[in-house]
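J.: Give me a 3D structure for the following:
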Amino acid sequence: MELTMMSQPHYPLTHLKMRKRMGHNIRSLQTIKRLAICRLIVRTKNHNHKTKNHNHKMMNHRHKMMNHRHKMMNHSHKMLNHNHKLKLMNHNPQMKNHNHKMMNHPHNLKNHNLKTKNHNLQMKNHNHKMMNQHHKLKNHNHKLKNHNIRSLQTIKRLAICRLIVRTKNHNHKTKNHNHKM
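T.: Numbers count the residues shown, from 1 in each chain. So this is what the prediction gives:
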């Protein structure tokens, strides 16, 4: 009878089995708690390390900022000293004169540059005039050359005419002489 009951799948748990199951559950719960505590410890440790690293970084940054502030303070002191020196120098009459000269210097340079500019323009105009004159002379020379060539041709033509006339006269004289003979 018991065998058949044991073999049934939905047989209700006895008190003893219930106790065993509960014990297992309690142990499981303790294990879970223990594991959870371990995990929590590990996470806390990691978090603490991260926090430590962050704090170190922040400390380093703060030190850097302090150093930077000191540098800036030193720089501002230097600038104050420099400005003070400049003030003293400006009260010096020689320096005052020098500063006025330096102030006038750009104006003088401006005037000088304008003068130079005007001079360059004048030279440009002069060069253009010279160039035009050169072209005029070139044209005049060409005209003279052409005139000379024409004159030479006229002279040659006249010379030939004169030669012909002289030859004719000579021939007449020769003819007359021959008749006489």
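
J.: Show me how far the host helix or strand of residue 148 is from its chain's centre.
T.: Using DSSP states H and E, residue 148 maps to helix 93-180. How far helix 93-180 lies from its chain's middle: 51 Å, per CA atoms, centre = their mean, to the nearest Å.

J.: Quick one: mean pLDDT for that helix?
T.: What helix 93-180 shows for mean pLDDT is 90.

J.: name the helices or strands packed onto it?
T.: When contacts are defined as 3 or more CB pairs under 8 Å, 6 or more residues apart in numbering; DSSP states H and E, helix 93-180 sits against helix 15-91. The C-beta positions use only the backbone N, C-alpha and C, and glycine is treated the same way.

J.: Identify the residue nearest the geometric centre of the protein.
T.: In the chain, the residue lying closest to the centroid (CA atoms, centre = their mean) is residue 106, at 27.3 Å.

J.: Tell me the spacing between that one and residue 131.
T.: According to CB to CB, to the nearest Å, residue 106 stands 37 Å off from residue 131.

J.: likewise residue 125?
T.: Counting by CB to CB, the gap from residue 125 to residue 131 is 11 Å.

J.: same check, this time on residue 111
T.: From residue 111 over to residue 131 the distance is 31 Å, taken as CB to CB.

J.: Check residue 154 too.
T.: Taken as CB to CB, the span from residue 154 to residue 131 is 35 Å.

J.: ditto for residue 52
T.: To residue 131, residue 52 is 88 Å away according to CB to CB.

J.: do residue 34 as well
T.: Using CB to CB, residue 34 is found at 110 Å from residue 131.
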